Structures are given as structure tokens and as C-alpha cells.
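1. Sequence and predicted structure are below.
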Amino acid sequence: MPDETLRGELTSLSLLDGARANDPGAWRRLATLYRPLVLFWCRRANCPAAEAEDVAQEVFAGVAKGLIGFRRDRPGDSFRGWLRGITRNQVLLYFRHNHGRPRPVGGSEALGQVQNLPDVLAEPADEEAEVSLVYRRAVALVRGEFEQHTWHLFWRTVIEGLAPAAVAEEMHTTPAAVRQAKSRVLRRLKQEMGEVLE
């Protein structure tokens with residue numbers, strides 16, 4: 001269930017525009033949405049669980065510094081890809097600074113160890129799983145804004161993939177009402193997340 005402060009915050013700006021404008025609500029939503037994905041990437045790169053939170057904090061500090069310059073100028077550019085790049089850099093920094101602790105190592109030996117780390121963040125191992133993490137988080141953020149009936153109609157058609165006519169019969173309503181409920185929730189998700197979900 002999303003935090004009460006997140007639920008009612010509607011904005012006409014996209015999420016990224018709100019974060020660029022230093023809107024605290026947009027930053028909370030951005031972190032709530034993407035933190036699990038950043039932690040997933042950290043774990044996949046074999047970052048120790050106790051250190052993954054620190055790496056994630058550094059990732060979001062990097063996002064805060066670089067968001068103003070983030071653009072989607074070329075086909076294939078995405079916020080998620082940009083975020084993956086920042087995470088990759090922070091994971092590499094973590095290993096460069098902490099590999100072989102407590103004995104500090106320098107010089108070409110340490111550089112060789114860092115360069116030989118597997119590049120698990122260069123390309124997603126399972127793009128569908130990554131996207132699923134983000135979508136689940138987005139759905140959780142807006143869930144509390146809809147009546148149970150509306151949410152159930154949305155869930156049965158979009159998440160479970162049932163035909164509107166079948167859901168209408170099951171819920172004793174019309175297919176048009178099912179499509180309208182589905183559209184309302186999807187529109188709200190798009191409004192809340194904007195380009196971030198693309």
C-alpha cells in the first residue's frame with residue numbers, strides 16, 4: 001500500500017520534469033519507483049547486501065546531479081538505460097574502493113581487478129523482469145486512488161488479460177464500463193509516471 005503522502009499528489013508535470021524542478025514529491029515518487037530496480041542491479045553485480053543501500057544512495061545522488069542534462073534525443077534512449085549506466089558506474093566505484101578490504105591495493109593490480117569484473121550491468125539480463133519491477137511499483141503508487149470496483153475491473157483486464165466482455169459479465173456491468181475503468185487507471189499511471197515508464 002503506498003504511503004499516504006504519495007497517493008494524493010497529482011501533478012501536471014511529468015515525473016522527470018517535477019524532479020528536475022526539485023519538487024520533493026516527484027523525488028519521493030522517483031525514488032520509490034526506481035529504488036528496487038537499482039537494488040536489483042546492485043545484487044546482480046554481486047554487491048554485498050549490506051553495501052547495496054549505500055551504492056543506491058550514491059546512484060540517486062548521481063541522478064540528482066545529472067538529471068538536468070538527461071535527454072532522450074536518440075532512438076533507444078530511455079531513463080531506465082541512463083539509470084542503469086549510473087548504477088554501473090557506482091558499482092564499479094564501490095568495487096574499486098572496496099575490493100580486497102581490509103588490505104588496500106593500488107596500482108595496476110587493482111586496476112586489473114576492477115577491469116576484470118563481469119560487466120553484468122552493460123545489458124539487461126532479463127529486460128522483462130526489470131520492466132516488471134518498475135510497473136509493479138507504479139501500480140502500487142496509484143492503487144489507493146481508486147475504488148475497489150474500478151480497481152478490480154482494471155486488474156482483471158490489464159493484469160490478468162481477460163476480455164472486457166468476460167469481466168463485464170462476471171462483475172454484472174457493461175463492457176463499456178470495464179473499458180472506462182481500465183482507461184481511467186491507465187491514464188492515471190501515465191500521468192503519474194510520464195516518460196519514466198517508457
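-> Yep, it's here. Residues are numbered from 1 along each chain as shown.
2. Need the three-state assignment for Arg72.
-> Under DSSP: H, G, I helix; E, B strand; the rest coil, the three-state class of Arg72 is coil.
3. Was I right to think it contacts Ser78?
-> Yes: using CB atoms under 8 Å, Arg72 is in contact with Ser78, at 7.0 Å. Glycine gets a C-beta too; all of them are placed from N, C-alpha and C.
4. phi, psi of Ala45?
-> phi -90, psi 10 (degrees, to the nearest 10).
5. Give me the spatial nearest neighbour of the most centrally placed residue in the chain, chain neighbours excluded.
-> Among the residues of the chain, the one closest to the centroid is Tyr34, at 3.0 Å (CA atoms, centre = their mean). Using CB to CB, 6 or more residues apart in numbering and skipping residues adjacent in sequence, the residue nearest Tyr34 is Leu83, 6.3 Å away.
6. Give me the neighbour count for that neighbour.
-> 22 (other CB atoms under 10 Å).
7. ditto for the one 3 residues further on
-> Residues within reach of Ile86, counting by other CB under 10 Å, total 21.
8. what does the domain assignment say about the chain?
-> 4-125, 146-198 (automatic domain parsing).
9. Tell me how far the last one lies from the chain's centre.
-> I take that to be domain 146-198. Mean-position distance between domain 146-198 and its chain equals 22 Å (CA atoms, centre = their mean, to the nearest Å).
10. what do you get for stretch 62-75?
-> Distance of stretch 62-75 from its chain centroid, counting by CA atoms, centre = their mean, is 15 Å.
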